[in-house]
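**Q** I would like to see how this sequence folds:
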Amino acid sequence: MSLDDVMVSRAIIDEYYKKLLAVLEVDVALVGGGPSNLVCATLLAERGVKTALFESKLAPGGGMWGGGMMFNEIVVQKGALPLLDKMGIAYKEYGHGYYTADSVLATATLISRCVQAGALIINLVKAVDVMFREDEQGQKRVSGLVLQWTPVEHMGLHVDPLSIRAGFVVDGTGHPAEVCSIITRKIDARLDTKTGKVVGEMSMWADRGEELTLDNSGEVFPGLYIVGMAANAVKGAPRMGPIFGGMLLSGEKVANMLLERLGKK
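**A** Numbers count the residues shown, from 1 in each chain. Predicted coordinates for the structure are as follows:
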């Protein structure tokens, strides 16, 4: 069989076009492809929620690929093991209460599970703004995202972005908490934090950081949820380094909250 170069191009364009049309209106749009959002998107899609995840880089997975300081192992505490089992992530016991997993295998497994569950992942796309609407009382609510190709942003090209509608948005952009930062900067909104803005993360404290990652995950503005390290950055909690139990459980928590809101619980 001989290959037609144009047919190869046609196949890619046709199939990608279908994906783009499918994400124009979704139940939940997740920004950032780190472990928290990958878990969240997987659990939502498994329950029939129309879910799209937008990742600004080439590969989803966030900082989980690199383990700790490019040593590609991660640590997970005992409380997260049921979720690892559910996601099919292999691990082994290192010491009492400490478990390790190959970071490459763990990240690849999460990405695969997410896509197989039915979530659409669009990479190399950046959320540069949000759509918002006001109800009859003037209450602002996030109602979608404004998206641009990452290379367009990096090159500073004057190209207008496109918008998508979403019932809910999840900020899983890690340390920068990009979506929350956009909201406080552009629509004069107060987040559910002690300052009304993104407080900023504190220095390392793994034990407290892991605990607060889970506590801080949830709705921070009408229609907007925060997960993972973004939750700690928004609420002003410590970072936790290359231990990922809290990150994964954070995604599970927000997925359950959204399933409740969507009547899918």
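**Q** Okay, now the sheet partners of the strand or helix carrying V28, with direction.
**A** Assessed by DSSP states H and E, V28 sits inside strand 25-31. Next to strand 25-31 in the sheet, as set by DSSP bridges, lie strand 51-55 (parallel), strand 162-171 (parallel).
**Q** Enumerate every residue touching the closest residue in space to L44 that isn't next to it in sequence.
**A** Nearest residue to L44 in three dimensions, chain neighbours excluded: T51, at 4.6 Å (CB to CB, 6 or more residues apart in numbering). (Glycine included, C-beta is placed from N, CA and C.) The neighbours of T51, taking CB atoms under 8 Å, 6 or more residues apart in numbering as the test, are 26-28, 30, 41, 44-45, 118-120.
**Q** Of these, which is the most crowded?
**A** Of all those, L30 has the most neighbours under the rule other CB atoms under 10 Å, reaching 37 neighbours.
**Q** what separates that residue from V179, distance-wise?
**A** To V179, L30 is 10 Å away according to CB to CB, to the nearest Å.
**Q** for stretch 116-129, which positions count as buried?
**A** Across stretch 116-129, burial judged by 16 or more other CB atoms under 10 Å covers 117-122, 125-129.
**Q** In strands only, show me those.
**A** Judged by DSSP state E, these include 120-122, 125-129 as members of strands.
**Q** Show me the strands in the stretch 101-250 of the chain, by range?
**A** 120-123, 125-134, 140-149, 162-171, 218-221, 224-226 (DSSP state E, counting those that start in this stretch).
**Q** need those strands in JSON lines with distance to L58 and mean pLDDT, can you?
**A** Formatted as JSON lines, the strands of the stretch 101-250 of the chain follow (distance: least, CB to CB, whole Å; pLDDT from 0 to 100):
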{"stretch": "strand 120-123", "distance to L58": "6", "mean pLDDT": "98"}
{"stretch": "strand 125-134", "distance to L58": "11", "mean pLDDT": "96"}
{"stretch": "strand 140-149", "distance to L58": "12", "mean pLDDT": "97"}
{"stretch": "strand 162-171", "distance to L58": "20", "mean pLDDT": "98"}
{"stretch": "strand 218-221", "distance to L58": "28", "mean pLDDT": "98"}
{"stretch": "strand 224-226", "distance to L58": "24", "mean pLDDT": "98"}
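**Q** Those: which one's closest to G61?
**A** strand 120-123 (10.4 Å; CB to CB).
**Q** what distance separates that closest one from the centre of its chain?
**A** Here the centre of strand 120-123 is set off from its chain's centre by 11 Å, with CA atoms, centre = their mean, to the nearest Å.
**Q** The closest residue to D171 other than its chain neighbours and A119: what is the separation?
**A** Nearest residue to D171 in three dimensions, chain neighbours excluded: V179, at 3.8 Å (CB to CB, 6+ apart). To A119, V179 is 18 Å away according to CB to CB.
**Q** If we only consider the ones in strands among the buried residues of stretch 116-129, which is nearest to L147?
**A** V125 (5.2 Å).
**Q** Tell me the bridge partners for that closest one.
**A** Beta-bridge partners recorded for V125 (DSSP bridges): W149.
**Q** The one 4 residues further on now?
**A** Note on D129: beta-bridge partners by DSSP bridges are V146.
**Q** wait, it sits on I183?
**A** No - checked against CB atoms under 8 Å, the pair D129 and I183 is beyond contact range at 9.5 Å.
**Q** so what's V130 up against?
**A** Applying CB under 8 Å, 6+ apart to V130 gives the contacts 142-146, 169, 179, 182-183, 186-187, 224.
**Q** Spatially nearest residue to I121, not counting backbone neighbours?
**A** In space, I121 is closest to L53, 4.9 Å off (CB to CB, 6+ apart).
**Q** Quick one: the helices in the stretch 51-200 of the chain, in order.
**A** For the stretch 51-200 of the chain, the helices defined by DSSP state H, counting those that start in this stretch occupy 81-87, 103-117, 150-155, 178-186.
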